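Trainee: structure for the following, please:
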Amino acid sequence: MSIRFGVSPIAWVNDDMPELGGDTPLETILTDSQEIGFSGVELGGKFPRDPAVLKPLLAGYGLDLVGGWYSGELLTRDVDAEIAAAQDHLSLLKAMGSTVFVHAETSNAIHGQRAVPLSRTPRLDADDWRLFGARMTGFAEYVQGQGLKFAYHHHLGTVVERPDDLDAFLKATGAAVGLTLDTGHAALGGVDPMATIRAHPGRIAHVHCKDVRTSVFNGVKAAGSSFLDGVLAGMFTVPGDGALDYGAVMRALADIGYAGWIIIEAEQDPAIYDPRKYAELGLATLEREAAAAGLKKAI
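Mentor: Here you go, the predicted model:
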């Protein structure tokens, strides 16, 4: 039972806002990730999607492909349609030897719309949850049958954002539906990440670690700003540079015997927050706290 540390390329190049780091070469991201000491990277917009190209490219840097965000639309299409839509992404992950499928519902999400305030995050009623949960379970069971862990990503600006959303989601879905536990989105959505880990150990399939600047987020809310405005303002950062207690997070993961990837992911403006410097801080923080908690790092 061991953990591995990976990184998301979003700190270097933000796919939701290409003006943030859009001119950064992929080679810079991969060189930094290797030299900092990460074992793997998640997909980003600059990555080639042909495994015949991507596999030797990552191998040259000693990096594995962890997986990558998939934008789902299960509120608007059935399981068969979602399976058909996901084939290219799923085939890439399988060919690359990835172990996790990160899914988020985006059919009505607002996190990518800079003109829409976070206060307008969509909500579901009881009937919506029943239909959404049944479809999500069916799709997750299919992904699981393909040999990958299914890991749903709760996220600000989407239907799974607040504590009651997460509770309803977990009640409406079956055991095949794991979670990408994202500490930053949890904290800013009002979800206690440590309590969630301990209350739902069987659902924790993947972990994203980002820290938060609480005062910045409070200002974003007070101003009625959007998710992307919050990113630009700096509401997210890396572990060790914000308000979250990563010793407590690592102890909670140790308590449930977590094994798998732990990903550093912090949406920041790379022109202000140097991606390499912050990734180094994030990894050093997590390695220290994970070791203190008794989590074993894969060799």
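Trainee: now residue 273: how far from residue 128?
Mentor: 38 Å (Cβ to Cβ, to the nearest Å). All C-beta atoms are positioned from the backbone trio N, CA, C, and that covers glycine.
Trainee: how much space separates the most centrally placed residue in the chain from residue 163?
Mentor: Geometric centre of the chain, nearest residue: residue 208, 4.9 Å, by Cα atoms, centre = their mean. Applying Cβ to Cβ, the value for residue 208 to residue 163 is 18 Å.
Trainee: one more: residue 31?
Mentor: 40 Å.
Trainee: ok, residue 205 next?
Mentor: Residue 205 sits 20 Å away from residue 163, taking Cβ to Cβ as the criterion.
Trainee: pick out whichever of those two has more residues nearby.
Mentor: residue 205 (25 against 14; other Cβ atoms under 10 Å).
Trainee: report all helices and strands that the helix or strand hosting that one contacts.
Mentor: Counting by DSSP states H and E, the element that carries residue 205 is strand 204-209. In terms of contacts (3 or more Cβ pairs under 8 Å, 6 or more residues apart in numbering; DSSP states H and E), strand 204-209 is packed against strand 100-105, strand 149-153, strand 178-182, helix 183-189, helix 246-255, strand 260-264.
Trainee: Provide a list of residues in contact with residue 25.
Mentor: residue 46 (Cβ atoms under 8 Å, 6 or more residues apart in numbering).
Trainee: any idea how far it is from residue 268?
Mentor: 19 Å.
Trainee: what's the answer for residue 209, then?
Mentor: According to Cβ to Cβ, residue 209 stands 14 Å off from residue 268.
Trainee: so where's this structure uncertain?
Mentor: Counting by pLDDT under 70, the chain has low-confidence residues at 1, 299.
Trainee: quick one, strands of it?
Mentor: For the chain, strands defined by DSSP state E occupy the ranges 3-7, 40-42, 64-67, 69-72, 100-105, 149-153, 178-182, 204-209, 211-212, 236-237, 260-264.
Trainee: name the nearest residue to residue 247, sequence neighbours excluded.
Mentor: Nearest non-adjacent residue to residue 247, counting by Cβ to Cβ, 6 or more residues apart in numbering: residue 289, 4.7 Å away.
Trainee: can you get me a residue count around the one you found?
Mentor: For residue 289, using other Cβ under 10 Å, the count is 21.
Trainee: now residue 295
Mentor: Other residues lying near residue 295 total 21 when counted by other Cβ under 10 Å.
Trainee: didn't it look like it was pressed against residue 5?
Mentor: No. In this structure, residue 295 is not within contact of residue 5 by Cβ atoms under 8 Å, at 10.4 Å.
Trainee: show me what residue 41 is bridged to.
Mentor: residue 7, residue 65 (DSSP bridges).
Trainee: who's in contact with it?
Mentor: 6-9, 29-30, 33, 58, 63-66.
Trainee: residue 225 too?
Mentor: 117-118, 233.
Trainee: go on, residue 210?
Mentor: Residues in contact with residue 210, defined by Cβ under 8 Å, 6+ apart, are 182-185, 236-239, 264-267.
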